[in-house]
Structure formats: structure tokens, C-alpha cells
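**Q** with the input below, show me the fold.
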Amino acid sequence: MSNKKNIKMNIKLIKSSFYNEQETKNKLCDFIQGAEQLSIWKYCSQFEKDYATWQQRKYCVFFNSWSSANLALIQSMLNMWKLNLGDKVWFSSLSWSTNVMPLIQLWLEAIPVDVELNTLNISLDTFKIIVKENNIKCLFITNLLWFCDNIDEIEKYCNENNILLLEDNCESMWTVYKWKKLWNYSLASTFSTFVWHHMSTIEWWMVCTDDKELYIMLNMVRAHWWDRNLPINIQNEVREKYGVDKSFYSKYTFYTLWYNLRPNEITWFLWCEQVKFLDEIVDKRIVNFKDFVNAVNLNNDFYNLKYDHIEKLSNFAIPVICKSIDILEKYIDIFNKNSIEIRPIVWWDLTQQIFWKNTYWENKVKTNAKLIHEQWFYFGNSPEYTSEEIDLIISCLK
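**A** Model prediction:
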């Protein structure tokens, strides 16, 4: 026992770029050598179909990054006249900048909604109060860190009040709430496979929807507003709708406002390799999560996290909300002394960010999002942690 205590650990948020990294890299080299084409092509298209089926959605569109997908989604809403310039779009104040940036960049009025302290997410009660006081066109909700609040009731309320609901599901791909996967509570939802997220493909993002018109729009906004990446039957529908001659030149017809946000076949290959380990990754993180959060909830220095309403929760990082700044500094010191990597919350109260203060105003009102912003940190939930590393992290939480 004494020898083990003398071993100096260095526990990172995530240990490798990919699960089973060396084997994945070796296979990637072979794929690149033998691939007929590396730009977006048939494999990406096939996997979009397969993933939509898995997610129980009709359509899926891949993008080259998280910010690209959110940008394309909001641009599509404008192109389809579901949103208009100057419309008020409400967003989770505790979120990542890629949620609010497209709203600002595309001349919509971005307005924050506070979150609940124990779920990190918007609740219906909070949202109802805001709706009574404002004219709301759209809610862009973030399912933060695999948690959610009563999003089923939010969905019902939005439908009853003609409010457009969109989900940023960046880290919550495998969360199941009310026996339904997050992503499926809105018109469209987005998800990331960034390098240390639930399953890594380095950079990749996708949008899922059941709306055919939105599926077409997302495809074309993604790639120069060409129709060439659409299935042939839908491609013909688009050309007929706009009166485009089905000739050689139709490949270079630009229909409306667009970007170049395309993924590639390399990312597709990484996904197909990593998905083999997905069940193992999810199961290990579920077990780790319960052990870590139990330690958090048993410590009176921290606010409790509510998760018993969620059927399946397997996250990549554990949030710790301290009851004071002094307590926060104490635990930062404890984790640093034990060489356990922690980070300030990267999902900020966006109203405390410099870009927000310069664009809108400085929010001095006390909110849950602001408290969390000032008093929390998180540590990793890697599926590659050893039992010794897990024990050390738990001991630091006690």
C-alpha cells in the first residue's frame, strides 16, 4: 500500500485522441492509401442514412464542425422564412459560444434564459415566466453535459404556443429521457464528435430532423447551395422547383445563401472505426458517472446534481458546483496537488463573456447561470481511467 501511495499520477480529462488509438491510427493510414476519394462522397452519404435510422429520425446531415452545424441550421431557418431578421431567439445562458454566435452574426436578437442549478438546463417553469413577458419566436436550448430538465414539457408548450424549438445536443448523444433520446424533442438538433467528446472523430458535427424541406436546405447551405450531394430523386425535385435545366451546368447552380461546411471521407472512416467501441465507452462512463456524482452529492461543499429523472446518462465530464468561491479555490488546489486535470466551466454564462458585454450589455443580475459560472469546475470521465485513478478522484471529492 505504501508503494502505491508514492506513485505520482497524472490524470488527464481524456487520455487519447481515439479509443483504442494505435489500432485506429494504423487502419486510418491504410484507408487513406487505398481510398478512391477523400472529399465528401458515397460513404458520408451512406452513413447519414444509417445514423438517421439509429437516431430514429428521418434525415441526418453531417458538417465539418460544431459551429458550422449551428450556423447552417440558423441560416436554414432564415432561408426557409421560419425566422426573419430581427426576430427574438432565446437561448440557454449556460452554454457554448457556438449557440449564440450564429444568432448575432445573422442579425437575430439573442436573449438568454437562466437555467436550474441542479440540472444545468432550462426548465418549463423558468421559460413560461419569460414567455409571458416577451414575444418569443424561437428557443435554442442546450442539453448541457448529458443533463436535461423537463424538455418533454418544454416541447409540448412550444408546440402549443407556436414557438420554434431547436436543440444543441453537443455532449448528450446517448442521453435517454422519458424513454426517448435527446435530439428528438425539436424540429432539429445538433451533435458533436469533437476529439474528446463521447466518441471522437477529431472534428465532426451533424444535424438530425424529420423535416424534408429542412433536410434539403441543410444539404445545400452546407455546400455552395449546390444540389449535387442530394439523393437523385430529391435533386430532380429541387431542379424542377427552381426551373433549372438538367444539363451539365446545373451542377454549378447557386440557389440561395450558402457556405462551404462539408465533412470528408476520413471523418466517416474514423466514425466507423470508433463506433465499434461505442457500447463499451458508454457502459464504462455510466458506471464512472454514478460513482463520481454520488461522491459529489454526498459532499456538503457542493450543490447536488439531479439526474434520477434520466434513464440513461453517460457523460464525458463531471461538473462540480461549489457553494462558495473559497470552496472552489480549495478544491482547485486539492485537484492540482494530485495532478488531476480540471477546467473552469467552458460552458460559460455567456452574458459574462467579453463578446457579450461588447455586443449587448454587462449582466449584473444574480442568476443560477452566473453562480455556476463563478463557482464550478469539471473533471474528466474517461473510459480509459484505471480503478486507481477513479479512487483518487473520488478521494479528492470527499
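
**Q** and for the closest residue in space to F292 that isn't next to it in sequence, the neighbour number?
**A** Among residues not flanking F292 along the chain, I318 sits closest, at 4.6 Å (Cβ to Cβ, 6 or more residues apart in numbering). Every C-beta, even on glycine, is put in place using the N, C-alpha and C of the backbone. I318 has 22 neighbours, counted by other Cβ atoms under 10 Å.

**Q** name the SS class of I318, please.
**A** Using DSSP: H, G, I helix; E, B strand; the rest coil, the secondary structure recorded for I318 is strand.

**Q** next, find the distance separating it from Q375.
**A** From I318 over to Q375 the distance is 15 Å, taken as Cβ to Cβ, to the nearest Å.

**Q** can you check N363 too?
**A** Counting by Cβ to Cβ, the gap from N363 to Q375 is 16 Å.

**Q** comparing those two, which residue is more hemmed in?
**A** Q375 (20 against 17).

**Q** what sits against that one?
**A** Applying Cβ atoms under 8 Å, 6 or more residues apart in numbering to Q375 gives the contacts I321, C322, K323, S324, I325, I327, L328.

**Q** which one of those has the most neighbours?
**A** Neighbour counts for those peak at I321, which has 24 neighbours (criterion: other Cβ under 10 Å).

**Q** which residues touch that one?
**A** I321 is in contact with L117, F302, Y303, L305, L371, I372, Q375, W376, counting by Cβ under 8 Å, 6+ apart.

**Q** by neighbours, which of those wins?
**A** I372 leads the contacts of I321 on contacts (other Cβ under 10 Å) with 23 neighbours.

**Q** now that residue: how far from R222?
**A** Relative to R222, and taking Cβ to Cβ, I372 is found at 34 Å.

**Q** one more: N20?
**A** Counting by Cβ to Cβ, the gap from N20 to R222 is 30 Å.

**Q** more neighbours: which of those two?
**A** Neighbour comparison, N20 and R222: the larger count goes to R222, with 28 against 16 (by other Cβ under 10 Å).

**Q** nearest to N99, of the contacts of I321?
**A** I372 (15.9 Å; Cβ to Cβ).

**Q** can I take it that the closest one is in a strand?
**A** No. Applying three-state DSSP, one finds I372 to be helix, outside a strand.

**Q** touching, it and T119? I think so.
**A** No. Applying Cβ atoms under 8 Å, one finds I372 not in contact with T119, separated by 11.1 Å.

**Q** measure stretch 238-255 end to end?
**A** Start-to-end span of stretch 238-255 (Cα to Cα, to the nearest Å) is 10 Å.

**Q** name the residues that touch that stretch?
**A** Contact partners of stretch 238-255, identified using Cβ under 8 Å, 6+ apart, comprise I216, M220, H224, W225, W226, D227, R228, L230, N236.

**Q** contact partners for the third one?
**A** Right, H224. H224 is in contact with F254, W258, N260, counting by Cβ under 8 Å, 6+ apart.

**Q** and the first one, how many neighbours does it have?
**A** Which is F254. Neighbourhood size, F254 [other Cβ under 10 Å]: 10.

**Q** quick check: phi and psi at it.
**A** The phi/psi pair for F254 (degrees, to the nearest 10) reads phi -100, psi 120.

**Q** state the distance from the closest residue to L108 other than its chain neighbours to K156.
**A** Closest residue in space to L108, ignoring its immediate chain neighbours: V89 at 4.9 Å, by Cβ to Cβ, 6+ apart. Relative to K156, V89 is positioned 20 Å away (Cβ to Cβ).

**Q** what's the answer for Y19, then?
**A** Counting by Cβ to Cβ, the gap from Y19 to K156 is 37 Å.

**Q** center of the protein - which residue?
**A** The chain has C170 as the residue nearest its centroid, 0.6 Å off, counting by Cα atoms, centre = their mean.

**Q** if you tally nearby residues, what's the number for the closest residue to it other than its chain neighbours?
**A** The spatial neighbour of C170 that comes closest, neighbours along the chain excluded (Cβ to Cβ, 6+ apart), is S192 at 4.6 Å. Look at S192: counted by other Cβ under 10 Å, it has 28 neighbours.

**Q** surely S192 and E171 touch.
**A** Yes. Taking Cβ under 8 Å as the definition, S192 is a contact partner of E171 at 7.2 Å.
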